[in-house]
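Colleague: coordinates for the following, if possible.
(one chain, ligands or ions: 2)
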Amino acid sequence: MLNLLTSDQSRQADKYTIQHLSMQSIDLMERAALAFSEAFIKNYPDKMRSIAVYCGTGNNGGDGLAIARLLYRAGYRVDVKIARFSGKSSSDFDGNLARLMSQGIIFDEFRKIADLREEQASIIIDALLGTGLNKPLDGEWLTLVEWLNSLGRTVVSVDIPTGFKAEGPISKHDVTVKSELTISFQRPKINFLLPDSALCIKRFEVVDIGLDEGFIQALSTPYAILTDSSITRRLKKRKPFSHKGTFGHALIVAGGIQTMGAALLCAEACLNTGTGLTTASIPSEGLTALNIRIPEAMASLRYKNVIPADLAWEKYNAIAIGPGLGVSDESKLVLKQTLNSFRKPIVFDADAINLLASNPDLVNLVPKLSVLTPHVKEFDRLFGEHSNWWERLETGMNKAKELDCIIILKNRYSILFTPEGKCVFNPTGTPAMSSGGMGDVLTGMITSFLAQGYKPEDAAYLAVFIHGKAGQELSSQNRAYVVTAGSLLKDIPQAIGKMI
Ligand SMILES: NC(=O)C1=CN([C@@H]2O[C@H](COP(=O)(O)OP(=O)(O)OC[C@H]3O[C@@H](n4cnc5c(N)ncnc54)[C@H](OP(=O)(O)O)[C@@H]3O)[C@@H](O)[C@H]2O)[C@H](O)CC1
Ligand SMILES: [K+]
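Modeller: Ligands and ions are numbered 1, 2, ... in the order given. You can find the predicted model right below:
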């Protein structure tokens, strides 16, 4: 798992790296520019496309000057435009301006918007402002950014689009450069992983600029992002002589007469993630569907939506409750009965979360280390309305501690909150997965890992990461516009197999 950095922490890492590797800050800037240029060349190999690099006079601008020099040397046609709106400049900016001039590269400077020339370049590199942003854009900066956005060219931002905050709440009124691609240094900025970024970032890539990883990983921060290796490390290989009894028994309490699909998707995902035994507690009307679709699963029928009084709760290692369950009084009883009967961790999803939201007294019965998987609307129903994503991060961290539970706020980059106060982003997934039933599959996967004996936190990390990874692979291999929940769950065994 990798720590995510705030702008301040990034500056600290910068300072530490310079001191401990006995290098000059301009050398670190050179590394950043080199890493940016390599990524840029891969994305835009056509050297006939003309490039204009717009630079501020801080270190983001310094990066821009170094990038311009490197791209010029690589054979691109590069123009440099420097916005000298203030008298200040950083020393590494000055150092890079000297290097640029020594190469004979032509540059333009403008002190006010009126001095700006018409822009012909096909690609604009945005190196105006970076993580040094300390207030919303106004005056000349605002006009410049609005003008750049109005040109309709391909914009590639250095580190972060100018005007966009790396962390903290985003106001709808903030104006930022709208980039096609942002090439960011060392780590994605936390705000890239929140939906507000869609306003200015179509796509981002992260390049390693050689900041000291030991220092970064030792920083005290709640924010982290999952990686392939953090998942592989957690997955357990199957031992010789293991049998179905080794891999637990899961109960999926789900489905309604008209929402049996949710129960089927959840139960099949649970089975495909590797539980030894999977039982589905479903409405009696759904038995034929279950038998046809998942002959491997067992059924525990709910007549008139009531769990039989003699259900042997103790034989289950983990339970999922919610997909397609409904929010009727009977469904509430099903939830209440489950909460009163089962004290091991439970995975709560969909209607189980809605029922908890409308019956706060039931929240006290949620077993420790349970996993709640709300999407944003369910999250707000459960914990109250939020006016921005940073408020949700705060609430998620507080509630996970208070309830001693893992909360997964499902999103493009799902956010996992742990009882220890961690806020971990999942990088996998694709917009192709935005289709019904995906949440049911995820719930089945988490429950399966739990039933197999994984710690709840690990079960949540594994399920969320592998769910997204499987979706990503299916969409890229088949160039699929959409990945359905049914196709994703079929792929789970291979997706796990590839990671172990
Ligand atoms: N560790 C790393 O990740 C590295 C990052 N690099 C690059 O450095 C920038 C950050 O550079 P910095 O010099 O700190 O700041 P900026 O270039 O973003 O901004 C320069 C100054 O602009 C002023 N400012 C801030 N907000 C505004 C605004 N809204 N309007 C006008 N001016 C603004 C502010 O100065 P003040 O004195 O006016 O407050 C900024 O200081 C990072 O993004 C990377 O690109 C390194 O090259 C490598 C290591
Ligand atoms: K920028």
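Colleague: these two touch, right, Y54 and D79?
Modeller: No. Assessed by C-beta atoms under 8 Å, Y54 is found out of contact with D79, at 9.5 Å. (C-beta placed from N, C-alpha, C; glycine too.)
Colleague: mind checking pLDDT for the residue of the stretch 401-500 of the chain found nearest ligand 2?
Modeller: Distance from ligand 2 to each residue of the stretch 401-500 of the chain (C-beta to the ion) is smallest for Y413, at 21.3 Å. Listed pLDDT for Y413 reads 97.
Colleague: report how many residues lie close to it.
Modeller: 21 (other C-beta atoms under 10 Å).
Colleague: residue contacts, the closest residue to it other than its chain neighbours?
Modeller: Once flanking residues are discounted, Y413 sits nearest to L193: 4.2 Å by C-beta to C-beta, 6 or more residues apart in numbering. Counting by C-beta atoms under 8 Å, 6 or more residues apart in numbering, L193 makes contact with L4, I225, Y413, I415, F425, P427.
Colleague: and which of those residues is nearest E385?
Modeller: I415 (17.6 Å; C-beta to C-beta).
Colleague: beta partners for S184?
Modeller: For S184, the beta-bridge partners are V206 (DSSP bridges).
Colleague: that one: neighbour count?
Modeller: 24.
Colleague: how about the strands of the stretch 101-250 of the chain, start to end?
Modeller: 107-110, 123-127, 154-158, 181-185, 204-207, 223-225, 249-253 (DSSP state E, counting those that start in this stretch).
Colleague: on the three-state scheme, the residue nearest the centre of the chain is what?
Modeller: The centroid of the chain falls nearest to Y413 when counting by C-alpha atoms, centre = their mean (2.2 Å). Per DSSP: H, G, I helix; E, B strand; the rest coil, the secondary structure class of Y413 is coil.
Colleague: break down the stretch 401-500 of the chain into its strands, ranges please.
Modeller: So, for the stretch 401-500 of the chain - with DSSP E, counting those that start in this stretch - the strands run 406-409, 415-417, 423-425.
Colleague: any chance of these in a markdown table, plus mean neighbour count and distance to ligand 1?
Modeller: Output for the strands of the stretch 401-500 of the chain, formatted as a markdown table (neighbours: other C-beta atoms under 10 Å; distance: least, C-beta to the nearest ligand atom, whole Å):
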| stretch | mean neighbour count | distance to ligand 1 |
| --- | --- | --- |
| strand 406-409 | 26 | 27 |
| strand 415-417 | 25 | 23 |
| strand 423-425 | 23 | 19 |
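Colleague: which among those strands is found nearest to Q477?
Modeller: strand 423-425 (24.5 Å).
Colleague: residues contacting the residue lying closest to I105 once chain neighbours are set aside?
Modeller: In space, and not counting its chain neighbours, I105 is closest to Y72: 5.5 Å by C-beta to C-beta, 6+ apart. Counting by C-beta under 8 Å, 6+ apart, Y72 makes contact with V78, Q103, I105.
Colleague: filter those down to the buried ones and hand me the PyMOL line.
Modeller: The buried residues among the contacts of Y72 can be selected in PyMOL (16 or more other C-beta atoms under 10 Å) with this line:
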select buried, resi 78+105
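Colleague: got the confidence number for D349?
Modeller: At D349, the model reports a pLDDT of 98.
Colleague: from now on call the first residue 379
Modeller: Got it, first residue is 379 now, which makes that one D727.
Colleague: I697 is in contact with that one, correct?
Modeller: No. Look at D727 against I697 with C-beta under 8 Å: they stay out of range, at 11.2 Å.
Colleague: when the two are compared, which one has more neighbours?
Modeller: Neighbours per residue (other C-beta under 10 Å) separate D727 from I697, with D727 holding more: 32 against 25.
Colleague: pull up the gap between that one and N856, please.
Modeller: Here D727 is placed at a distance of 27 Å from N856 (C-beta to C-beta, to the nearest Å).
Colleague: repeat that for S709.
Modeller: 37 Å.
Colleague: ok, now D688?
Modeller: D688 is 46 Å from N856, by C-beta to C-beta.
Colleague: between these two, which one's more packed in?
Modeller: Set side by side, D688 and N856 show more neighbours around N856, with 11 against 5, by other C-beta under 10 Å.
Colleague: and that one, what is it in contact with?
Modeller: Applying C-beta under 8 Å, 6+ apart, no residues contact N856.
Colleague: where does it land on pLDDT?
Modeller: Listed pLDDT for N856 reads 81.
Colleague: tell me which of Y432 and D457 has more neighbours.
Modeller: Y432 (27 against 21).
Colleague: show me what contacts that one?
Modeller: Contacts of Y432 by C-beta under 8 Å, 6+ apart are G442, K459, A461, I502, I503, D504, A505, L506, L522, L526.
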